[in-house]
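# After the sequence you'll find the predicted model.
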Protein chains: 2
Amino acid sequence: MQRPGGRSARVRSAVHEAVIDLMEEHPWEEMSVPLVAERSGVHQATIYRRWGTMSALLNDVMIERFTTAGGVPDTGSLREDLLRYTAQVAESLEDGAVPLILRATVMEIRPGEVRQTSPAFQAREQQLQVMLDRAADRGEQVPTVEELLELLVAPLYFRALFTQPVPAKHVERLVDRLLDVLAHRVPGPD
Amino acid sequence: MQRPGGRSARVRSAVHEAVIDLMEEHPWEEMSVPLVAERSGVHQATIYRRWGTMSALLNDVMIERFTTAGGVPDTGSLREDLLRYTAQVAESLEDGAVPLILRATVMEIRPGEVRQTSPAFQAREQQLQVMLDRAADRGEQVPTVEELLELLVAPLYFRALFTQPVPAKHVERLVDRLLDVLAHRVPGPD
DNA sequence: TACCTAACGCAAGATATTTCGCGTTATGCT
DNA sequence: AGCATAACGCGAAATATCTTGCGTTAGGTA
């Protein structure tokens, strides 16, 4: 018999909050369970028992943050929807905690395991599909979710992680490039 | 007076080799300096003195792997060059160790610090610029390095890290999309 | 070849981490 | 309201990681 409510829920959110706070102040190596315990007021042993490892905890924090993030825009125009959505993603990557939490996801990858889309991104993909379906119903030509990820989301994440973050102004350029690709679509293999 | 040769060089390569081996067998949390020490036959204290932390060591390994990787193709055709280069990148991401070592780079990012392109990617960008310059000299219309990163490299890395790896067959699709964008280029802000 | 000392090996000691047993709290169910 | 027990707090014990001082090995230069 599980007990997700009451005290457990309070402990959970206290720990999550502490993680996000600490992420913005400390480099990765300094992050530790004892540190999170002190900041959150939750005992070390409790954290070890519930999450096991630091990176599992970070992964949990990230999944929550992703899946509870605001829904997709619905402005009546695909281009406007894409602009807002992309701007949302870009903004979230500016936020100090997000790139850090993303690393947690990266670190959860196990060598040799069959790679699967992480739960967090699966939720995102479903949301995006809804947005594209709405546009298709209006008769607009729409990209696939894959194209959207490759042309909008991937560049943002790539630059956030490896080079320099994408300036907010470039969001429009990315969207227009996607729509351009759509208009002159290269015939692919069926 | 520094002494990069002889014993130091042997120690360095022994440690690097041990890191790469261990990366393919162990999840991140299990990686540690003592483990690398045992596998490489180099004493712990030596590793701590030379590299300081595990993630600094991993970062060092990755930089070496990136900068010594085979040069860029030179086939006389931009499209063919791009195909080969992209296939190279895709293949390296299939290799177990590369995504793992990539994480090391990700982890070296510090909160709040001014983000810069990591040394490893800087080297890559220079190599790519050479390739593009050659094509431009032949009179071909060429993308910028940035476009190349965003349209070819970013999707590969994104999928390797967060969703599913890109099948080798899709490399051609990515290249043709890039060339398509090039042909119908959206006028950008000057 | 001989000298200087950078770089390493070794082992003990200092810190930091994770685990464990046991008593206490308070949730979910009847 | 009363009960069974999931979940937590606490502190000590067990591990693991990291540092330090000192003796030894072996590059680099004269």
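That came through fine.
# Is A:R124 in a helix, a strand, or coil?
helix (DSSP: H, G, I helix; E, B strand; the rest coil).
# That one contacts A:I63, correct?
No. If you go by Cβ atoms under 8 Å, A:R124 and A:I63 don't touch, sitting 11.2 Å apart. C-beta here means a position set from N, CA and C on the backbone, and glycine is covered the same way.
# Compare the two (neighbour count), which wins?
Under the criterion of other Cβ atoms under 10 Å in any protein chain shown, the comparison of A:R124 against A:I63 puts A:R124 first, with 22 against 18.
# How about that one, nearest residue that isn't a chain neighbour?
In space, and not counting its chain neighbours, A:R124 is closest to A:F66: 6.7 Å by Cβ to Cβ, 6 or more residues apart in numbering or on different chains.
# Below-threshold pLDDT in chain A: ranges please.
Low-confidence segments of chain A (pLDDT under 70): A:96-97, A:100-101, A:111, A:114-115, A:186-190.
# so A:P34 makes contact with A:Q44?
Yes. With contact defined as Cβ under 8 Å, A:P34 and A:Q44 form a contacting pair (5.6 Å).
# The helix or strand where the residue nearest to A:R124 lies and DNA strand C, any residue contact?
For A:F66, the host element (DSSP states H and E) is helix A:54-67. Yes. Interface with DNA strand C: helix A:54-67 contributes A:M54 (Cβ under 7 Å from any atom of the strand).
# ok, back up a step: who's in contact with the residue nearest to A:R124?
With contact set as Cβ atoms under 8 Å, 6 or more residues apart in numbering or on different chains, A:F66 has these partners: A:120-121, A:123-124.
# how far away is it from DNA strand D?
22 Å (Cβ to the nearest atom of the strand, to the nearest Å).
# so how far is DNA strand C from A:V11?
From A:V11 to DNA strand C the distance is 10 Å (Cβ to the nearest atom of the strand).
# Does anything pack onto whatever helix or strand that residue lives in? Which helices or strands?
When elements are assigned from DSSP H and E, A:V11 belongs to helix A:7-23. For helix A:7-23, the elements it packs on are helix A:33-40, helix A:44-51, helix A:54-67, helix A:97-108, judged by 3 or more Cβ pairs under 8 Å, 6 or more residues apart in numbering or on different chains; DSSP states H and E.
# Quickly check: it near DNA strand D or not.
Yes. Legend: contact between helix A:7-23 and DNA strand D by Cβ under 7 Å from any atom of the strand is shown at A:7-8, A:11-12.
# Could you report the distance from the one residue sitting closest to the centre of chain A to A:V98?
The centroid of chain A falls nearest to A:F66 when counting by Cα atoms, centre = their mean (4.7 Å). Plainly put, A:F66 is 9 Å away from A:V98 if you go by Cβ to Cβ, to the nearest Å.
# pretty sure A:V106 contacts B:T105?
No. The pair A:V106 and B:T105 does not pass the contact test of Cβ under 8 Å, sitting 10.0 Å apart.
# A:Y157: neighbour count?
Neighbours of A:Y157 under the rule other Cβ under 10 Å: 21.
# tell me which element the closest residue to it other than its chain neighbours is part of?
With sequence-adjacent residues excluded and distances taken as Cβ to Cβ, 6+ apart, A:Y157 is closest to B:F158, at 5.6 Å. Element membership for B:F158 (DSSP H and E) is helix B:154-161.
# Hey, what's the angle from that helix to helix B:97-108? Just curious.
Put simply, helix B:154-161 runs at 100 degrees to helix B:97-108, going by axes from the mean of the first three to the mean of the last three Cα atoms, to 10 degrees.
# CA atoms only: put helix B:154-161 into PDB for me.
Output in PDB follows, covering the C-alpha atoms of helix B:154-161 (Å, rounded to 0.1, in the frame of the first residue of the first chain):
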ATOM      1  CA  ALA B 154      22.400  19.300 -34.100                       C
ATOM      2  CA  PRO B 155      19.700  16.800 -35.200                       C
ATOM      3  CA  LEU B 156      22.200  14.000 -35.000                       C
ATOM      4  CA  TYR B 157      23.300  14.900 -31.500                       C
ATOM      5  CA  PHE B 158      19.800  15.700 -30.300                       C
ATOM      6  CA  ARG B 159      18.500  12.400 -31.300                       C
ATOM      7  CA  ALA B 160      21.600  10.500 -30.000                       C
ATOM      8  CA  LEU B 161      21.200  12.100 -26.600                       C
END
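# quick one, what contacts A:Q88?
A:69-70, A:73.
# Which positions in chain A make contact with DNA strand D?
By Cβ under 7 Å from any atom of the strand, the part of chain A that sits against DNA strand D consists of A:1-4, A:7-8, A:11-12, A:41-46, A:49-50.
# Which of those residues sits closest to A:L179?
Of all the residues of chain A next to DNA strand D, A:R12 has the smallest distance to A:L179: 41.8 Å, by Cβ to Cβ.
# Leaving aside the residues adjacent along the chain, what's closest to the closest one?
Using Cβ to Cβ, 6+ apart and skipping residues adjacent in sequence, the residue nearest A:R12 is A:R50, 7.9 Å away.
# Burial check on that neighbour, number of neighbours?
Neighbour count of A:R50, defined by other Cβ under 10 Å: 15.
# roughly how far apart are it and chain B?
Separation of A:R50 from chain B (Cβ to the nearest Cβ, to the nearest Å): 16 Å.
# Please apply the same query to A:Q88.
The value you get for A:Q88 to chain B, if Cβ to the nearest Cβ is used, is 17 Å.
# now the angle from the helix or strand where that residue lies to helix A:54-67?
Per DSSP H and E, A:Q88 falls inside helix A:78-94. Counting by the same axes, to 10 degrees, helix A:78-94 lies at 150 degrees to helix A:54-67.
# Can I get helix A:78-94 as CSV, trimmed to CA atoms?
Written as CSV, here are the backbone C-alpha positions of helix A:78-94 (Å, rounded to 0.1, in the frame of the first residue of the first chain):
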residue,chain,number,x,y,z
LEU,A,78,0.5,27.5,-37.4
ARG,A,79,3.3,30.0,-37.9
GLU,A,80,2.2,31.9,-34.8
ASP,A,81,1.9,28.7,-32.8
LEU,A,82,5.3,27.6,-33.8
LEU,A,83,6.8,31.0,-33.0
ARG,A,84,5.4,31.0,-29.5
TYR,A,85,6.3,27.4,-28.9
THR,A,86,9.9,27.8,-30.1
ALA,A,87,10.2,31.0,-28.0
GLN,A,88,9.0,29.1,-25.0
VAL,A,89,11.6,26.4,-25.5
ALA,A,90,14.4,29.0,-26.0
GLU,A,91,13.3,30.8,-22.9
SER,A,92,13.4,27.7,-20.8
LEU,A,93,16.9,27.0,-22.0
GLU,A,94,18.0,30.5,-20.8
